[in-house]
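A.B. asks: take a look and give me a structure for this.
(one chain, ligands or ions: 1)
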Amino acid sequence: MRKPVIAGNWKLYKTKDEALALIEELAPLVAGVDNVEVVVAPVFTVLPALPAALAGTSISLAAQDVFWEEEGAFTGEVSPRMLLDAGASHVIIGHSERRQYFGETDQTVNKKIKAALKGALVPIFCIGETLEAREAGDTFKVLERQVQGGLEGLSETQLAPVIIAYEPVWAIGTGKVATDEQAQEAHAFVRGVVAKMFGQAAADKVRILYGGSVKPDNVKGLMSCADIDGALVGGASLKGASFASIVRFGE
Ligand SMILES: O=C[C@H](O)COP(=O)(O)O
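C.D. replies: Residues are numbered from 1 along each chain as shown. The predicted structure is shown next:
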């Protein structure tokens, strides 16, 4: 059984005080939920302020990116060890916004995933096709390249903690959620690519989240799909009530 994960990517929102206020609102709303893993991902500067606020909750803390070196002359970067030091247990890697605006490639994503695993962080590895790729009929080709590139060189043991997030770029922040059928089709395909690389048993254990305009009113349908194991939520994670109702999709 794959335990569902609902992760909130706060992107470039929430100062420290705003983040603390959001946790104060969210924590009681998700208290007692033990059948879903809940993760929140604030900006780097807010990370160290959250562990105290999250103590006594089962909400985990994620960073939104990581660098692959442990230390050195790499101005502006943050290493896995530093994220652990700040209290993070998870890290989002290869989000489409990083691929689109910050030159992230399958190769850098692969290095980051390996560094995160070496540093005992759980990678939330993002993939997804653009609208252009979908319209050109290249969705599967893009997903295959991203999965193979991102997970290249990992052992089956290293794969085990990795969480994959399928986020069609055309559905992110647009309000245009993929249909349950479109999402399920992509998830099943991604699981198949993982199976080709690591074997069916390993692929059956990997959690694959859907991301892209997930809201309280569409999460149930998505979560009823066989290969969808959770959600990576942007906009709707910025308010306690909407994120909590996504977390409580099964009630
Ligand atoms: O990482 C989260 C995704 O980019 C989804 O964002 P969204 O829920 O605002 O569409």
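A.B. asks: where along the stretch 151-251 of the chain do the helices fall?
C.D. replies: Under the criterion DSSP state H, counting those that start in this stretch, the stretch 151-251 of the chain contains helices at 156-159, 180-198, 200-205, 219-223, 240-247.
A.B. asks: let me have those helices in a markdown table, extended by distance to residue 140, mean neighbour count and mean pLDDT.
C.D. replies: C-betas here are computed from N, CA, C, even on glycine. Shown next, in a markdown table, are the helices of the stretch 151-251 of the chain (distance: least, CB to CB, whole Å; neighbours: other CB atoms under 10 Å; pLDDT from 0 to 100):
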| stretch | distance to residue 140 | mean neighbour count | mean pLDDT |
| --- | --- | --- | --- |
| helix 156-159 | 20 | 15 | 98 |
| helix 180-198 | 6 | 18 | 98 |
| helix 200-205 | 16 | 14 | 98 |
| helix 219-223 | 20 | 19 | 98 |
| helix 240-247 | 28 | 21 | 98 |
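A.B. asks: so which of the ones you listed is nearest residue 70?
C.D. replies: helix 156-159 (17.6 Å; CB to CB).
A.B. asks: quick revisit: which one of the helices of the stretch 151-251 of the chain lies closest to residue 33?
C.D. replies: helix 240-247 (5.9 Å).
A.B. asks: how about that closest one against the ligand, any contact?
C.D. replies: No: contact of helix 240-247 with the ligand is not found when judged by CB under 6 Å from any ligand atom; the minimum separation is 9.7 Å.
A.B. asks: not counting its neighbours along the chain, what's nearest residue 27?
C.D. replies: residue 57 (4.8 Å; CB to CB, 6 or more residues apart in numbering).
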